[in-house]
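**Q** Predicted coordinates and the sequence they were generated for:
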Amino acid sequence: MRRLLVCAILALCLPAAGTAGTGGTVQVVRVTAFYYPWYGTSARDGSYQHWSQDGHAPPDNIASSYYPARGLYSSSNRLVVAAQMDEIQAAGIDEIAVSWWGRGSPEDRRLPVVLQAARADGIAVAIHLEPYPGRTVASIVSDVAYLKTWGITTFYVYRALDLPIADWQAAQPALHAGGATLFAQTAMVGAAKAAGFDGVYTYDIVTYGGGMFGRLCEEAHRLHLLCAPSVGPGYDARRGDGDPRLKPRRNGATYDRMWRAAITAGADRVTITSFNEWHEGTQIEPAAPGWRGRYHYLSYDGAWGLHGIDAEYAYLFRTRYWSDVFRKTVASQEKTSASTTSAGVTPRS
């Protein structure tokens, strides 16, 4: 029923694409969204997890400036995760990068639920390797080997260059054994190349705005790395962790500007910060407007001129729009490149 509602609202459910490890054709990933499976509720998990961080007291008072349209949810609820994957797939997102905090963490225990739901919708699953306590390059080698047993071969390493480049260099044979693609979260492209990464992404949409995407991708391509700049709708973590910095959504203009910058820069893939990082206010997951008890929450009302339930889904609508524009742009560029090569002219790199 939830899938029918999502399809009706977005009016464009895609056929499920094959993904590596599912027996279908290998999916070409163009759009990735960072996904957080760390939420819990008292009814399902014994206590509120993450909704209550920084001293907040759910269900009315939560650690976010926005309130989810589906209400406070548990990431261990298979029905919730399946509904989220329906929304992600309908929005034209090819891959989720799942926040992962080490073996035995709540995110690790919930990974099978996420994998099952994502693959049912033809969504590829990557891992966002977070800076868990005691993380080293050696522990990441072990992590990657373990996660490959789940059929996962793409890894986004947050704050990768906090760890020594020499350790990354020594670990590359083990990390790439059996096939793997690793992205470093950094704008220091030369360092990522020296460390042996396959590509770079930025994640932080406050520090890394669209104005630097051109330089990032030009340098990445010159060094034969993949460029996956991160776009996002805005940033507001005041209720999440007290960070006073703001990046206003401007009724959708912030999201549009970052998408245009990524496409113009010649990105190989676009990463979205985020599908559901509610604490930092970067989520594109549907949000409901108004008051919860005596607490007021922001909404998407007015984004791209939308109101009511359409506004709740505004960022999923727009993600599908930009995903389609990006794919068409890449296809056109590839066609032009192929025509130029067949004519005997070597394209500039």
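**A** Structure received. Numbers count the residues shown, from 1 in each chain.

**Q** In terms of pLDDT, where does residue 271 sit?
**A** pLDDT for residue 271: 98.

**Q** partner residues bridging it?
**A** residue 32, residue 230 (DSSP bridges).

**Q** What distance do you get for it to residue 282?
**A** 12 Å (C-beta to C-beta, to the nearest Å). Glycine gets a C-beta too; all of them are placed from N, C-alpha and C.

**Q** can you pull the contacts of residue 69?
**A** 285-288, 312 (C-beta atoms under 8 Å, 6 or more residues apart in numbering).

**Q** 10 Å instead?
**A** 285-289, 299-300, 309, 311-313 (C-beta atoms under 10 Å, 6 or more residues apart in numbering).

**Q** so which of the residues you listed comes closest to residue 332?
**A** Comparing these against residue 332 with C-beta to C-beta picks out residue 313 as the nearest, at 28.5 Å.

**Q** Model confidence for that closest one, exactly?
**A** 98.

**Q** and if you look at residue 337?
**A** 71.

**Q** For burial, what's the neighbour tally of it?
**A** 11 (other C-beta atoms under 10 Å).

**Q** now it: how far from residue 330?
**A** Residue 337 is 10 Å from residue 330, by C-beta to C-beta.

**Q** swap in residue 250?
**A** 27 Å.

**Q** Which one's more surrounded, those two?
**A** residue 330 (17 against 14).

**Q** check contacts around the more buried one.
**A** If you count contacts by C-beta under 10 Å, 6+ apart, then residue 330 has 28, 30, 263, 266-269 around it.

**Q** Mind giving me the ChimeraX command for buried ones among those?
**A** In ChimeraX syntax, the buried subset of those is picked out as below (16 or more other C-beta atoms under 10 Å):
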select :30,263,266,267,268,269
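
**Q** Just the contacts of residue 330: which are in helices?
**A** residue 263 (DSSP state H).

**Q** Just give me the closest of the contacts of residue 330 to residue 135.
**A** residue 269 (24.7 Å).

**Q** how about that closest one, what does it touch?
**A** 28-32, 94-95, 183, 199, 201, 226-229, 262, 326, 330 are the contacts of residue 269 under C-beta under 10 Å, 6+ apart.

**Q** Now do the contacts for residue 231.
**A** 31, 202, 205, 209-210, 213, 254-263, 267, 270-273, 319, 322.

**Q** distance of residue 321 from residue 257?
**A** 14 Å.

**Q** pLDDT value on the closest residue to residue 54 other than its chain neighbours, please?
**A** Distance criterion C-beta to C-beta, 6 or more residues apart in numbering; nearest residue to residue 54, sequence neighbours excluded, is residue 63 at 5.2 Å. Note for residue 63: predicted pLDDT of 98.

**Q** any idea which helix or strand comes after the host helix or strand of residue 296?
**A** Under the criterion of DSSP states H and E, residue 296 resides in strand 295-297. Using DSSP H and E, the helix or strand that follows strand 295-297 in sequence is helix 308-312.

**Q** And that following helix, what does it pack against?
**A** helix 2-10, strand 287-288 (3 or more C-beta pairs under 10 Å, 6 or more residues apart in numbering; DSSP states H and E).

**Q** any chance of the contacts of residue 330 in TSV, with distance to residue 157 too?
**A** What follows is the contacts of residue 330, written out as TSV (distance: C-beta to C-beta, whole Å):
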residue	distance to residue 157
28	22
30	21
263	25
266	23
267	19
268	17
269	16
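
**Q** how far is the longest helix seen in the chain from where the chain is centred?
**A** Ranked by residue count and defined by DSSP H, the top helix of the chain is helix 314-342. Mean-position distance between helix 314-342 and its chain equals 19 Å (C-alpha atoms, centre = their mean, to the nearest Å).

**Q** Check which residues of it are buried.
**A** 314-323, 326, 330.

**Q** And the residues you listed, which is closest to residue 73?
**A** residue 316 (16.5 Å).
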